[in-house]
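In: no sequence on this one, just coordinates:
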């Protein structure tokens, strides 16, 4: 039996050095861009079947759901994953949440308040575009909270995710790993391309200047929140086609792991058929 | 210039008789099932371009957005449209809301309260699976509200939709029109097919028995809420492939009508390029 992508990309327990992870690698995928795109499209029928089973279960009280968390530096491709990988799912089954700068109301609550409200319902597949990890990443790098508060959050995140898992959620946390050179190339491409210029934000260049601090913040978060209940996956993301295929494959493998079936009808099929066939109006 | 589908399917002002609309017609589409599916897939590149422009505009303060309202009898295919027609959109650009039986909290508010909260944000494309029209359809048929309250709602809906339009929303209201025979066939198919049985609800057979009352309620709602700001479209839906193509085409034509462009950058491209190229870390 071939190794699953979950096994290949799951971060081992212990200290994390992102330098040990090649962002241009393509583990588990045979071939290049064309093969990656074809393999992504080929998932469609199986995904449609599994997501429909998950949804059907949700309707009859099965609490299971899937949550894919996307984190990564600017231009690592969170939006691209949503467009291309989430795009192969039935939109009715999806719940996508993009976490921006917290609003005044959100800042007046614990950092997990807005996250709790965005958790997918039973039977659904949620994608988080950024997440509660921002509260230990950008907030750590820019010292937007006291060190003791940042420290508290790692444990709070682990408790929160543990509870999600106990409530029937399969949590797939993906760190979209790119090199600084790739980011530079992508930022320049946004600048040079009229239909991409709206995605460029001068603040991205400021953030880029503290790349090493972000790397450190990621390494700490990845190590401290890499739990058995909700492990981290490091997804090499210098190749967009690999990244899209890999995230969709991790979601697909998570769905396969649920061993989903069609729920049994809660009514008598023969009785209902007789009502329909014998109707007199 | 060929007639747009908007022109073909838009309901003329005045009294409505659904009997005048053939649910198995396929206006504006050349060919059958294979051609319908191919035409739907062929929309992808243009839709991706337009929805991205809409989203980009939303980021820089353009208030425009699109809201597609789906109404129709059980099995008319609201879920199928979401899967196949909404499926050609970028999921990040979509906001799908399914309106079920109102919760206790929702019932304690005006009927438009939950609808207002589900309106898509600037730059987004919303799909309503059922909508505020349930409050003048099922509620009228089953007398779940006083006649005077039902009466009040038609005007309240028109005012509400007028306001949405003034705030930059293009509202596309689609009545998915099927024949009772098609419904019977689809209900029987749900009963006979193990992976569809979870979608069957014995209550659907009860609702079917009051088909004429629903037809009347639809005709009244279609007539009274067929405004210049937010007109109704009757989409023949006995053929699933036509229905999916038609709803996607109406959304596409609505997007085309916005004459969208790429927003100009709010920063100096040369300055930002120099910062990136000249960085020293």
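Out: Perfect, I can see it now. Quick caveat, the model's predicted, so the values are computed rather than measured.

In: quick one, phi psi at residue A:217?
Out: Here is the backbone geometry of residue A:217 (degrees, to the nearest 10): phi -60, psi -40.

In: also residue A:67?
Out: Torsion angles, degrees, to the nearest 10, at residue A:67: phi -130, psi 120.

In: helices and strands around whichever strand or helix holds residue A:41, which ones?
Out: Residue A:41 belongs to helix A:33-42 when assigned by DSSP states H and E. Other elements packing on helix A:33-42 under the criterion 3 or more C-beta pairs under 8 Å, 6 or more residues apart in numbering or on different chains; DSSP states H and E are helix A:240-257. C-betas here are computed from N, CA, C, even on glycine.

In: in the helix it packs on, which residues are buried?
Out: A:240-252, A:254-255 (16 or more other C-beta atoms under 10 Å in any protein chain shown).

In: tilt between it and helix A:33-42?
Out: 30 degrees (axes from the mean of the first three to the mean of the last three C-alpha atoms, to 10 degrees).

In: so is helix A:240-257 next to chain B?
Out: No: using C-beta under 8 Å from any C-beta of the partner chain, helix A:240-257 never reaches chain B; the gap is at least 12.3 Å.

In: quick one: average confidence on that helix?
Out: Per-residue pLDDT over helix A:240-257 has a mean of 97.

In: let me know the next secondary structure element after it.
Out: Downstream of helix A:240-257, the first helix or strand assigned by DSSP H and E is helix A:269-277.

In: returning to what we had before: quick check: mean pLDDT across the helix holding residue A:41?
Out: Taken as a whole, helix A:33-42 has a mean pLDDT of 95.

In: ok now it, how far from the chain's centre?
Out: 20 Å (C-alpha atoms, centre = their mean, to the nearest Å).

In: which residues touch that helix?
Out: By C-beta atoms under 8 Å, 6 or more residues apart in numbering or on different chains, the residues outside helix A:33-42 that reach it are A:26, A:29, A:84-85, A:88, A:239, A:241-242, A:244-245, A:248.

In: what's the most distant pair in the buried residues of helix A:240-257?
Out: A:240 and A:255 (22.8 Å; C-beta to C-beta).

In: picking up where we left off before, ok, which pair from the contacts of helix A:33-42 is furthest apart?
Out: Largest separation among these by C-beta to C-beta: A:26 and A:88, giving 19.0 Å.

In: after the longest helix seen in chain A, which helix or strand is next?
Out: Counting by DSSP state H, the longest helix found in chain A is helix A:147-166. Counting by DSSP H and E, the element after helix A:147-166 in chain order, helix or strand, is strand A:169-177.

In: shaky segments in the stretch 1-150 of chain A?
Out: Low-confidence segments of the stretch 1-150 of chain A, defined by pLDDT under 70: A:1.

In: chain B contacts on that one?
Out: A:52-53, A:56, A:59-60, A:79, A:82-83, A:86-87, A:89-92, A:94, A:96, A:98, A:127, A:129.

In: among those, which lie within helices?
Out: A:52-53, A:56, A:59, A:79, A:82-83.

In: host element of the residue of chain A positioned farthest from its centre?
Out: When distances to the mean C-alpha position of chain A are computed (C-alpha atoms, centre = their mean), the maximum falls on residue A:280, with 51.8 Å. Under the criterion DSSP H and E, no helix or strand holds residue A:280.

In: got a list of what it touches?
Out: Per C-beta under 8 Å, 6+ apart, neighbours of residue A:280: none.

In: how about it, phi and psi?
Out: phi -120, psi 0.

In: so it versus residue B:208, what's the distance?
Out: Separation of residue A:280 from residue B:208 (C-beta to C-beta, to the nearest Å) stands at 12 Å.

In: over to residue A:261?
Out: 29 Å.

In: could you do residue A:12 as well?
Out: Counting by C-beta to C-beta - residue A:12 and residue B:208 are separated by 58 Å.

In: of those two, who's got more company?
Out: Per other C-beta atoms under 10 Å in any protein chain shown, whichever of residue A:12 and residue B:208 has more neighbours is residue B:208, with 20 against 9.

In: hang on, the more buried one packs against residue B:181?
Out: No: using C-beta atoms under 8 Å, residue B:208 makes no contact with residue B:181, being 11.3 Å away.

In: list the contacts for residue A:29?
Out: By C-beta under 8 Å, 6+ apart, the neighbours of residue A:29 are A:35-36, A:39, A:242, A:245-246.

In: again, only using 7 Å
Out: By C-beta atoms under 7 Å, 6 or more residues apart in numbering or on different chains, the residues touching residue A:29 are A:35-36, A:39, A:242, A:245.

In: give me the phi and psi angles of it.
Out: phi -110, psi 120.

In: tell me the phi and psi of residue A:68?
Out: Dihedral angles for residue A:68 - degrees, to the nearest 10 - are phi -100, psi 120.

In: hmm, residue B:275 and residue A:209 touching each other?
Out: No: between residue A:209 and residue B:275 there is no contact under C-beta atoms under 7 Å: 9.3 Å.

In: those two: who's more crowded?
Out: residue B:275 (16 against 12).

In: from residue A:78, how far off is the closest residue to the more buried one other than its chain neighbours?
Out: Nearest residue to residue B:275 in three dimensions, chain neighbours excluded: residue A:205, at 5.1 Å (C-beta to C-beta, 6 or more residues apart in numbering or on different chains). Distance of residue A:205 to residue A:78, given as C-beta to C-beta: 19 Å.

In: same check on residue A:37?
Out: 19 Å.

In: again with residue A:56
Out: Going from residue A:56 to residue A:78 by C-beta to C-beta gives 29 Å.

In: the two: who's more crowded?
Out: Set side by side, residue A:56 and residue A:78 show more neighbours around residue A:78, with 25 against 20, by other C-beta under 10 Å.

In: buried residues in the host helix or strand of residue A:188?
Out: Following DSSP H and E, one finds residue A:188 within helix A:180-192. Within helix A:180-192, the residues scored as buried using 16+ other C-beta under 10 Å are A:182-184, A:186-187, A:190-191.

In: contacting residues around that helix?
Out: A:23, A:73-75, A:196-197, A:199-200, A:204, A:208, A:211, A:238, B:269, B:272-273, B:276.

In: tally of neighbours for the closest residue to residue A:262 other than its chain neighbours?
Out: Nearest residue to residue A:262, sequence neighbours excluded (C-beta to C-beta, 6+ apart): residue B:195, at 5.1 Å. Close neighbours of residue B:195, defined as other C-beta under 10 Å, add up to 14.

In: quick check: residue B:195 is in a helix.
Out: Yes: counting by DSSP: H, G, I helix; E, B strand; the rest coil, one finds residue B:195 located in a helix.

In: show the pLDDT at it.
Out: 93.

In: surely it meets residue A:260?
Out: No: applying C-beta under 7 Å, one finds residue B:195 not in contact with residue A:260, separated by 11.2 Å.

In: overlap in contacts of these two?
Out: By C-beta under 7 Å, 6+ apart, residue B:195 and residue A:260 have no common neighbours.

In: show me the contacts for the residue nearest to residue B:275.
Out: Counted by C-beta under 7 Å, 6+ apart, residue A:205 has contacts B:272, B:275-276.

In: in what helix or strand does it lie?
Out: Using DSSP H and E, residue A:205 sits in helix A:202-208.

In: pull out the buried residues from that helix.
Out: Applying 16+ other C-beta under 10 Å to helix A:202-208 flags A:204-205, A:207-208 as buried.

In: can you redo those as JSON lines with pLDDT?
Out: Converted to JSON lines, the buried residues of helix A:202-208 look like this (pLDDT from 0 to 100):
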{"residue": "A:204", "pLDDT": "93"}
{"residue": "A:205", "pLDDT": "95"}
{"residue": "A:207", "pLDDT": "94"}
{"residue": "A:208", "pLDDT": "95"}
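
In: ok, so of these, who is nearest chain B?
Out: Nearest to chain B, judged by C-beta to the nearest C-beta, of those is residue A:205 at 5.1 Å.
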